[in-house]
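J.: turn this into a model:
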Amino acid sequence: MDEKSISIMQSAIKLFAKKGFSSTSVQEIAKNAGISKGAFYLHFSSKDELLFALFDYYYNQMKSKIDACADEPDPRRKFVEQLTVMFEEIASHREFIIMQIREQTIPFNEDIETFTMRMRYESYQFYQNHIIAIYGEKAKEISFETSILIEGMYKAYLELILVEGAHIDYRDLAEALLKRVDYLVDGFLKNEDSPVLTKSFMSELIPADFLAERSPTIQEMIEEQETTASDEEKETLAILKEELDSSSPRTAIIRGMLAILKENSQFKELVTRVEENYPVTRAR
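T.: Numbers count the residues shown, from 1 in each chain. Next comes the predicted model:
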């Protein structure tokens, strides 16, 4: 998204928070952004499109900040850090969100419907991945139901912050939520309680592509292999990773690194994935 579109959105969100969506005109948004009304329509076809772009932009911005915490190796700390970011980001737009709740004027079209579905399904997937990372494969069967329960607790806490204006330390809140999840998972496993919301049940409600287990990226595969690789192999993996990250990867170097990795069968899957995604690296 270009800088001018972002500038228009930043102006709009301030006006929407202050006056509401329905009471804010395109002329006011344009004036506040320092452009003409005609220039506004070069970036957005309507106020509805602008509102959708706002939701999408700030949602993706939050996801980027969540992803920035992904390098934390401890799964419990990672969950707490990412939850903290979620509380902080949503709370930072409290006035805008409150105004939308009061007005209830969000245009319900196909774009908004698809967007809200994507947010909901990605939220379930986010919690499910964390449950398995923290508690292991033994929690996989209960991960769907536990995800729904976590989402309920998260929304209840969020409502106190947004609607009631509660002042709570977001990190303390995230740590408290993790403890509640401990109790949930422990209760399920100790009592050998079968979940109501199983994978087969959820598959009837959620599109298959959201339920499918995501394959790790090549970069993630390299990082995983680095944890058990020898010093020489780590050097090879680092060079390979650097080349793949490059805007102009050098074929000869990639081919050379793959030739070295092929000597160890543990890198077979990684080598195959690189060759599938970089056809020029296949031997001629």
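J.: going forward, measure contacts and count neighbours with C-alpha atoms only.
T.: Will do.
J.: pull the contacting residues for Ser5.
T.: His43 (Cα atoms under 8 Å, 6 or more residues apart in numbering).
J.: give me the low-pLDDT residue ranges for the chain?
T.: For the chain, applying pLDDT under 70 flags the ranges 1, 100-109, 198-216, 227, 247, 278-284.
J.: just give me the residue closest to the centre of it.
T.: In the chain, the residue lying closest to the centroid (Cα atoms, centre = their mean) is Lys63, at 4.0 Å.
J.: quick check: next helix or strand after the longest helix seen in the chain?
T.: Taking DSSP state H as the criterion, the chain has its longest helix at helix 110-135. Next along the chain after helix 110-135, taking DSSP states H and E as the criterion, comes helix 143-162.
J.: tell me which helix or strand comes right after that following helix.
T.: Downstream of helix 143-162, the next assigned helix or strand under DSSP H and E is helix 170-190.
J.: what's the offset of that following helix from the middle of its chain?
T.: 21 Å (Cα atoms, centre = their mean, to the nearest Å).
J.: quick check: buried residues in that helix?
T.: Buried residues in helix 170-190, defined by neighbour count with 16 or more other Cα atoms under 10 Å: Tyr170, Arg171, Leu173, Ala174, Glu175, Leu177, Leu178, Val181, Val185.
J.: do stretch 59-68 as well
T.: In terms of neighbour count (16+ other Cα under 10 Å), stretch 59-68 has its buried residues at Tyr59, Met62, Ile66.
J.: Val185 versus the residue nearest to the centre of the chain, what's the distance?
T.: 26 Å (Cα to Cα, to the nearest Å).
J.: do the same with Ala53
T.: For Ala53, the distance to Val185 (Cα to Cα) stands at 38 Å.
J.: the longest helix of the chain vs helix 170-190, what angle?
T.: Per axes from the mean of the first three to the mean of the last three Cα atoms, to 10 degrees, the angle that helix 110-135 makes with helix 170-190 is 70 degrees.
J.: centre of the chain to helix 110-135, how far?
T.: Worked out by Cα atoms, centre = their mean, helix 110-135 lies 8 Å from the chain centre.
J.: go on, stretch 71-80?
T.: Offset of stretch 71-80 from its chain centre (Cα atoms, centre = their mean): 15 Å.
J.: make 75 the starting number, not 1.
T.: Right, with 75 as the first residue, what we last looked at is stretch 145-154.
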